[in-house]
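Undergrad: I would like to see how this sequence folds:
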Amino acid sequence: MRPNIENFIGCDSSYRAASIVLYGAPYDSTTSYRPGARFGPAAIRHESYGLETYSPYQNADLTDFDIFDSGDLELCFGSSESALSDIEGRAAEILADGKFPLLLGGEHLVTLGAVRAAVEKYPDLHIVHFDAHADLRDDYLGAKLSHACVLRRCHELVGDGRIHQFCIRSGDRAEFDFAAQHTELHKFDFTGLAELTEALCESRVPVYLTIDLDCLDPSCFPGTGTPEAGGVSFLQLLDAIRTVAKANIVAADLNELAPTLDPTGVSTATACKVLRETLIALDKGWPGFQA
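TA: The predicted structure is shown next:
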C-alpha cells in the first residue's frame, strides 16, 4: 500500500511499521434519508489539521504510535455488493498482515464488508455497536443491502448473542422484537457497557467495534443523514470508547458523518476528535486479540 496524499493528522507511519491502518469507504448509495456520508472520510482527513495530535483525555499523542493512512478505496456506487467486496478485500489484507484495520465511512452499510473479513479470521467474533438506530430490518424497501439492514446482515454471520447494541433509540417494532430474541440491545445510552466489557475481557473473545456517529445527540452532531434527538454527549461517547477499548478489539469503524449537512463544520470537528481518541484508546492496548 502507498501512503495517502492527505492523511489524518499524526497518521504518517509507513505501512510496514504501522500497528493500525486507516482506510476509507466513501459510499452512501443506500442512504435512506439525507445523502452525503460519502464525503465523510475526506472531510475528516482535511479538517484534522485543526486538531492537536495530543489528547489531554488520555495523556497520549498520536505521534506516540505507528498509524498508517491508506486513503479511500475507489468504490462502485452502482453496486453495493461490489463495494462491499472491495472493502472486505482491503480489510482482509490488513488483517492478514497482522495489523488493525480501522474503516472510515461512508454510510453504515460499509461495516458489513469489514465484518465479513473479520469473521473469516475470527469465527467467534462479537460485535459492539454504538448507534441511534437498530439497523436490524430484514430489508429496506425490498433491498437486503441497506444501511438500515447492516446489523441484520451481520447477525447472519455471527449468530445470536454476539451483537451488543448501545444508544439505540430508533427502529420499527419488528426490529426491537428481533433484538429481544437475537441481540443484546441497550436503549438510549451506554448503560451496561462496563459490565459487558468485563465479560468480554474475561472470555478473551475477539470484538469488532462499530461506531455510528449519529449515536451522538444532533445538538452536538447535526451533520449526519438520519439525525435522532435524544442521543449521548461527546464526553459520554469518549468514555464509552475508552471503556470498550479494554476488550480484545480486532477491528473497528467510524461512520455516518455527512459533512455538507453541517455548514458550521462542528460535526466534522467532532468526528475528527472522536477518531483521534479512538485511535489512541485502541493503540494503547495493541496488540489486541491474543489467541
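Undergrad: tell me the secondary structure for L102?
TA: Using DSSP: H, G, I helix; E, B strand; the rest coil, the secondary structure recorded for L102 is strand.
Undergrad: spit out the contact partners of it.
TA: For L102, the contact set (C-beta atoms under 8 Å, 6 or more residues apart in numbering) comprises 20-23, 251-254, 278-279, 282. All C-beta spots, glycine's among them, are computed from the backbone N, C-alpha and C.
Undergrad: same check, this time on L62
TA: Remark: with contacts taken as C-beta under 8 Å, 6+ apart, L62 is in contact with 9-11, 53-55, 276, 279-280.
Undergrad: just to revisit the earlier point, need the contacts of L102 in a markdown table with distance to D61, can you?
TA: Listed next are the contacts of L102 as a markdown table, based on distance: C-beta to C-beta, whole Å:
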| residue | distance to D61 |
| --- | --- |
| I20 | 14 |
| V21 | 19 |
| L22 | 17 |
| Y23 | 22 |
| A251 | 23 |
| A252 | 20 |
| D253 | 23 |
| L254 | 20 |
| T278 | 15 |
| L279 | 11 |
| L282 | 15 |
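Undergrad: related to what we said a few turns ago, give me the subset of the contacts of L62 lying in strands.
TA: Among the contacts of L62, the members falling in strands (DSSP state E) are 54-55.
Undergrad: quick one: which of the contacts of L62 is nearest to A179?
TA: Here the nearest of the contacts of L62 to A179, counting by C-beta to C-beta, is L279; it sits at 29.8 Å.
Undergrad: about what we covered before: taking the contacts of L102, please make a PyMOL selection of just the buried ones.
TA: Restricted to buried positions by 16 or more other C-beta atoms under 10 Å, the PyMOL selection for the contacts of L102 reads:
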select buried, resi 20+21+22+23+251+252+253+254+278+279+282
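Undergrad: out of the contacts of L102, which comes closest to D172?
TA: Nearest to D172, judged by C-beta to C-beta, of the contacts of L102 is D253 at 24.1 Å.
Undergrad: and the residue nearest to L213 when sequence neighbours are not counted, what are its phi and psi?
TA: With C-beta to C-beta, 6 or more residues apart in numbering as the criterion, L213 has its nearest non-adjacent residue at 5.1 Å, and that residue is E256. For E256, the backbone dihedrals are phi 80, psi 20 (criterion: degrees, to the nearest 10).
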